[in-house]
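> quick one, structure for this:
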Amino acid sequence: MKSSQNALVNAQMGLVLILIAILLMLFCLSLATGSVSIPLQDVVTVLQGQSPQKASWSAIILQFRLPKAITAMLAGSALAVSGLQMQTLFQNPLAGPYVLGVSSGASLGVALAVLATTVMGAQRIALTGSGTTIIAALLGAAGVMGCVVIAANYVKNSVTLLVIGLLFGYLTSAVVNLLLYFSVPEQIQTYLIWTFGSFATVTQRQLPLFLGLVLTGLAIAFSQSKSLNLLLLGETQARTLGLTLSRVRLLMIGNVSLLAGTVTAFCGPIAFLGIAVPHLGRSLLRSTDHRRLMPVVVLLGAILALIADLVSQLPGRQTILPLNSITALIGTPIVVWIIVRRQSHR
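Just a heads-up that it's a prediction; the model follows:
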């Protein structure tokens, strides 16, 4: 028995090491890929603080591609961990980080900001990732989060709270549609560009703030691994074992809102990673222990985010495909494969 447990732990450690190696490879590939291709050897040279073959390559890597790659890894990890928390809290395999209406709230904030530029001119916040867009998205996400937290104080059933969160999402989406209906074409285009999502919108100046918010949320999630394991036993059993369900639920809702709201505010709405990655992590790890599952989900989220970013770039061209579409194209086959695989083993 003990030898089989040791073998399982060794296999899980091996999986983590493999994922770290894949992540490092994709990270270097992300720095090398773009409208200007840079040899991997020169990428390593720049990261070591030395001069590459061409002086301009150093500026391209450090000023543009490095912040984007770091943003992609952080955003992917944040969304993946958010999805894991939501699926465990609500015991629903289709629950994602935006199930509580956080994304819709952020979208409402941005739509209000875009509409408010009628007098100032729509070009004022035409670029995703501008300060106005980030503040508007964070305020919108915080507003919806506040409504859900208030509802959580009165609703004791997690399924009912899930439905309320979905209704908040529908409500804010309806308001966004009304705002866009009365907007001019330039404003609609500005909003649609934001909804495409992008990891390239976080600047060097904004990166420390983004990094701090995401790492804070991830630290809270890791600290709640034991509580998540207890929730797997069911709410009644978790209470019996001493878990204060209301406190844990509020903490997780706030943490998911922090992670998903931050990513949405800085990068736009990034779909499907939060749903797909936790399923993939459980399938590869063959365990539901969150103490072991959490690091795997963090790595998988970062890996899939980098892959999506690489796929969205057409080599040798300036055209960038919508990131939201790419994540859905990658995430859908993963979820379908996992569902079919589970059904075949029953």
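> which helix or strand contains residue 51?
Residue 51 is part of no helix or strand when elements are defined by DSSP states H and E.
> show me the shaky parts of this structure.
Low-confidence segments of the chain (pLDDT under 70): 1-8, 115-130, 156, 314-319, 342-346.
> which helix in it has the most residues?
In the chain, taking DSSP state H as the definition, the longest helix is helix 2-32.
> report all helices and strands that that helix contacts.
Where contact means 3 or more Cβ pairs under 8 Å, 6 or more residues apart in numbering; DSSP states H and E, helix 2-32 is packed against helix 40-47, helix 66-90, helix 273-285, helix 290-312. (C-beta placed from N, C-alpha, C; glycine too.)
> so what's the gap between stretch 39-51 and the chain middle?
Distance, stretch centre to chain centre, for stretch 39-51: 29 Å (Cα atoms, centre = their mean, to the nearest Å).
> and that stretch, what's buried?
42-43, 45-46 (16 or more other Cβ atoms under 10 Å).
> coming back round to it: out of the helices and strands packed on helix 2-32, deepest packed?
For the helices and strands packed on helix 2-32, average neighbour numbers computed from mean count of other Cβ atoms under 10 Å are highest in helix 66-90, which has a mean of 27.
> show me what contacts the most centrally placed residue in the chain?
Compute the mean C-alpha point of the chain, and by Cα atoms, centre = their mean the closest residue is residue 79, 2.5 Å away. Residues near residue 79 by Cβ atoms under 8 Å, 6 or more residues apart in numbering: 97, 259-260, 263, 270, 273-274, 277, 301, 305.
> one more pass at 6 Å, please.
Neighbour list for residue 79: 97, 263, 273-274 [criterion: Cβ atoms under 6 Å, 6 or more residues apart in numbering].
> and residue 225, by the same measure?
290-291, 294 are the contacts of residue 225 under Cβ under 6 Å, 6+ apart.
> for residue 162, same thing?
The contact partners of residue 162, taken as Cβ under 6 Å, 6+ apart, are residue 90.
> which secondary structure state does it sit in?
helix (DSSP: H, G, I helix; E, B strand; the rest coil).
> returning to that earlier point: and which of the buried residues of stretch 39-51 is nearest to residue 324?
Using Cβ to Cβ, residue 43 is the member of those that sits closest to residue 324, with 27.5 Å.
> okay, the closest one and residue 29: tell me how far apart.
Using Cβ to Cβ, to the nearest Å, residue 43 is found at 9 Å from residue 29.
> over to residue 236?
Residue 236 is 48 Å from residue 29, where distance means Cβ to Cβ.
> those two: who's more crowded?
Of the pair residue 236 and residue 29, residue 29 is the one with more neighbours under other Cβ atoms under 10 Å, namely 15 against 9.
> distance to residue 38 added to the contacts of residue 79, as TSV?
TSV is the format used below for the contacts of residue 79 (distance: Cβ to Cβ, whole Å):
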residue	distance to residue 38
97	33
263	27
273	27
274	32
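> and which of those residues is nearest residue 311?
When the contacts of residue 79 are compared against residue 311 (criterion: Cβ to Cβ), the nearest one is residue 273, at 13.2 Å.
> residue contacts, the closest one?
Counting by Cβ under 6 Å, 6+ apart, residue 273 makes contact with 76, 79-80, 327.
> farthest pair within these?
Longest span within these, Cβ to Cβ: 80 and 327, 11.4 Å.
> now residue 228, nearest residue through space, not along the chain?
Leaving aside its chain neighbours, residue 228 sits nearest to residue 290 (4.2 Å; criterion: Cβ to Cβ, 6 or more residues apart in numbering).
> surely that neighbour is in contact with residue 227?
No - counting by Cβ atoms under 6 Å, residue 290 does not reach residue 227; the two are 8.6 Å apart.
> quick one, helices of the stretch 201-346 of the chain?
Secondary structure of the stretch 201-346 of the chain (DSSP state H, counting those that start in this stretch): helices at 207-223, 225-231, 235-240, 245-267, 273-285, 290-312, 323-344.
> so which of those is nearest residue 159?
Nearest of those (Cβ to Cβ): helix 235-240, 10.1 Å.
> may I have that closest one as CSV, with CA atoms only?
Provided in CSV are the C-alpha atoms of helix 235-240 (Å, rounded to 0.1, in the frame of the first residue of the first chain):
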residue,chain,number,x,y,z
GLU,A,235,-21.8,20.6,2.3
THR,A,236,-23.4,18.6,5.1
GLN,A,237,-20.3,16.5,5.7
ALA,A,238,-18.1,19.6,5.4
ARG,A,239,-20.1,21.3,8.2
THR,A,240,-19.9,18.1,10.3
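> who touches that helix?
Contacts of helix 235-240 (Cβ under 6 Å, 6+ apart): 230-231, 245.
> in a markdown table: those residues, plus distance to residue 35 and neighbour count.
As requested, these are exported to a markdown table (distance: Cβ to Cβ, whole Å; neighbours: other Cβ atoms under 10 Å):
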| residue | distance to residue 35 | neighbour count |
| --- | --- | --- |
| 230 | 50 | 21 |
| 231 | 46 | 24 |
| 245 | 51 | 17 |
